[in-house]
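>>> next one to model:
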Amino acid sequence: MAEQPGTLLYYLKRSTEFLEKKEIPNPRVDAEWILSDLLNLPRIKLYSQFEMPLGQKEIDIYRERIVERSKRKPVAYITGKKGFHKFEYFVTEDVLIPRPETEELVDYLWKRKEELSLVESKELQIWDLCSGSGCIGLSLTQLLPSSVVTLSDISEKAIAVSRRNAEKYNLNERTKFYVSDLDTLIPKDLQFDLVVSNPPYIPESEKPEIMPDVLDYEPHMALFVSDFEYFHKQLLSAVFKRLIPGGKLMMETHPLYMNEVEEIAKKLGYVSIKRILDSSKKERFLFAETPSAS
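Sure thing, here's the model as predicted:
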């Protein structure tokens, strides 16, 4: 289709070419997502609107956002949102952008809810530790109707983002929020049936290997750890004390350090430990339980 100057297709093609020259991966896809968000149109509907003229204000904003992307700013931070599982969450540069791999953590628990006794009639207490945007805990709370969730993060700004996401889905009555370093500021008597976590797990030594889209924009506090073993001992110990007998933990971690994480869990007394592969066949998730009361 020959594009006419001033139309949607014209600016989409020019933007794609510009991003290609800047060596941005998937330039057409990114240009489409940014434009669909600007026009409040589903991305697929752009294809039926190619001849639509864009107004000057839309053109100016689109150009600004394409320039931001050319500087490697992630699309999710440009649009302020990211799809995750069956939902869409508000994001800022104060929280990690939800990843497809992390969706698999939610999906694993949801698809095995009966097997894992996550659909009991009693109120299911979930703790989303290092919650960031709240995408894990808030998704599970919506998928498991009998559940309530506690979200905690060391970052006050991250908790503000997760509060906004809870409000979007009318979950205020089923959520509690704590700005806390692990469980230090969570009430002592609060116990959980299920703990989910995507904590920082990239050793700082790996920073040179991280792509600039991540390194230059996403919060380092949520990505990197200076002492992997020490941090995970602290985290797994805090979780163990907070789980009820027979309680369950599902956490994301570094595939290359799964041996270390599993060994820490064993020493702390966790049982039924499983390594779970992600869709790329990497050992991404650790599932474990506390011993049952019997």
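>>> quick check: next helix or strand after the longest strand seen in the chain?
If you go by DSSP state E, the chain has its longest strand at strand 243-252. Sequence order places helix 258-268 as the next helix or strand after strand 243-252, per DSSP states H and E.
>>> what helices and strands are in contact with that next one?
With contacts defined as 3 or more CB pairs under 8 Å, 6 or more residues apart in numbering; DSSP states H and E, helix 258-268 has these neighbours: helix 228-242, strand 271-277, strand 283-289. To be clear about C-beta, it is placed using only N, CA and C from the backbone, and glycine gets the same treatment.
>>> so who does Ala76 touch?
Lys82, Val91, Ile97 (CB atoms under 8 Å, 6 or more residues apart in numbering).
>>> now, among those residues, which is nearest to Leu144?
Ranked by distance to Leu144 (CB to CB), the contacts of Ala76 are led by Lys82 at 21.6 Å.
>>> my guess is that closest one contacts Thr92. True?
No - look at Lys82 against Thr92 with CB atoms under 8 Å: they stay out of range, at 10.8 Å.
>>> higher neighbour count, these two?
When Lys82 and Thr92 are compared for neighbours, Lys82 comes out ahead with 21 against 15, by other CB atoms under 10 Å.
>>> not counting residues beside it along the chain, what's closest to the more buried one?
Ala76 (4.2 Å; CB to CB, 6 or more residues apart in numbering).
>>> first-to-last residue distance for stretch 198-211?
For stretch 198-211, the first-to-last residue distance is 19 Å (CA to CA, to the nearest Å).
>>> list of residues touching that stretch?
Outside stretch 198-211, the residues touching it (CB under 8 Å, 6+ apart) are 96, 102, 105, 129-130, 132, 136, 215, 221-226, 228, 231-232, 235, 251-254, 257.
>>> for Lys73, give me its contacts.
Lys73 touches Asp213, Tyr217, counting by CB under 8 Å, 6+ apart.
>>> that one and Arg99, how far apart?
From Lys73 across to Arg99, the span is 17 Å (CB to CB, to the nearest Å).
>>> same check on Ile276?
Ile276 is 15 Å from Arg99, by CB to CB.
>>> what's the answer for Ile186, then?
26 Å.
>>> okay, those two: which has more neighbours?
More crowded of Ile186 and Arg99, by other CB under 10 Å: Ile186, with 18 against 15.
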